[in-house]
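One predicted model, sequence on top.
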Amino acid sequence: MPSLKSFSLLLASALLAGAAPPLNGRSETGSLKAASWPTFQQCEGRETVIAKAANDAQILGKATKDYVASLKGPTPRYTTWFGNFTLARHATALNIYSTIHTNDYLGYTYICDCDLPGLPEDVVAYVYPYQHGMVHLCPEFFRRNTTGKNTQAGSILHEATHFSDNGATEDWVSGTDNSLKLAIDDPDKAINNAANYKYFAENVPFLN
Ligand SMILES: *[C@@H]1O[C@H](CO)[C@@H](O)[C@H](O)[C@H]1NC(C)=O
Ligand SMILES: *[C@@H]1O[C@H](CO)[C@@H](O)[C@H](O)[C@H]1NC(C)=O
Ligand SMILES: [Zn+2]
């Protein structure tokens, strides 16, 4: 699957789910705290880059949640990334954006290992959905931009939607074109697809 940019390891998560209780990497929820600082594993020299991305993800997520909460019907931005507007799908999106915003991304644990066998080379990041707040970052993450589209912050938001305690989203498709097409063809999947949450949040090019 060479085009896959990022995915959750559902098989691994299923094994973990049977072996151990879900991990709660954080004891607090709520808004960004000045005292927060991530836990890092194997990320020497990249801590501030990651923390900046985490902070940016918090800001991006807040703005997106507020936008989704304000919607009363379809908008170009909504329809582009989530397809035909229904109250049920809007409620799902609002629930997921609201829930991930209760997470403090500066309280997450970032693990710069990315050495799982079989991972495609262009994977940006991955999580085990039951390991809440633990995000594995791959070399491609550090090549991503800090603003615009396909950002580091967007990747963190994407991964956050995968956690079982958040949105339990899947990676049905990845990439802009596939995500746009999914919104048109299968909005029930788009509302459960992590990349669509990321692109909707980044909103590049800008749509109202
Ligand atoms: C970063 O942004 C520039 C300018 O928009 C773009 O050309 C480049 O492909 C981006 N890099 C990545 C890794 O997406
Ligand atoms: C979306 O709405 C349009 C217009 O009502 C309709 O033609 C189309 O079939 C709908 N798409 C899906 C996937 O339901
Ligand atoms: Zn993913």
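Cool, got the structure. Residues are numbered from 1 along each chain as shown. Ligands and ions are numbered 1, 2, ... in the order given.

Please tell me how far the residue in the chain positioned nearest to ligand 1 sits from T169.
Nearest to ligand 1 in the chain, going by C-beta to the nearest ligand atom, is N145, at a distance of 3.8 Å. Heads up, the C-betas are built off the backbone N, CA and C, glycines and all. Distance of N145 to T169, computed by C-beta to C-beta, to the nearest Å: 23 Å.

ok, those two, which is more surrounded?
T169 (25 against 11; other C-beta atoms under 10 Å).

Check what pLDDT that one gets.
Note for T169: predicted pLDDT of 98.

on that earlier part again, in space, what's closest to the residue of the chain closest to ligand 1 - neighbours in sequence excluded?
Nearest residue to N145, sequence neighbours excluded (C-beta to C-beta, 6 or more residues apart in numbering): T151, at 5.5 Å.

The one you found against F141, yeah?
No. Contact criterion C-beta atoms under 8 Å: T151 and F141 do not qualify, at 10.2 Å.

Which one's more surrounded, the two?
Neighbour comparison, T151 and F141: the larger count goes to F141, with 24 against 21 (by other C-beta under 10 Å).

Can you tell me how far the more buried one is from D122?
11 Å.

next one: I100
As judged by C-beta to C-beta, I100 and D122 stand 24 Å apart.

Please say which of these two ends up with more neighbours.
Between I100 and D122, counted using other C-beta under 10 Å, the more crowded position is I100 (28 against 16).

How about the contacts made by that one?
I100 makes contact with 61, 157, 160-161, 166-167, according to C-beta atoms under 8 Å, 6 or more residues apart in numbering.

No further queries at this time; thank you.
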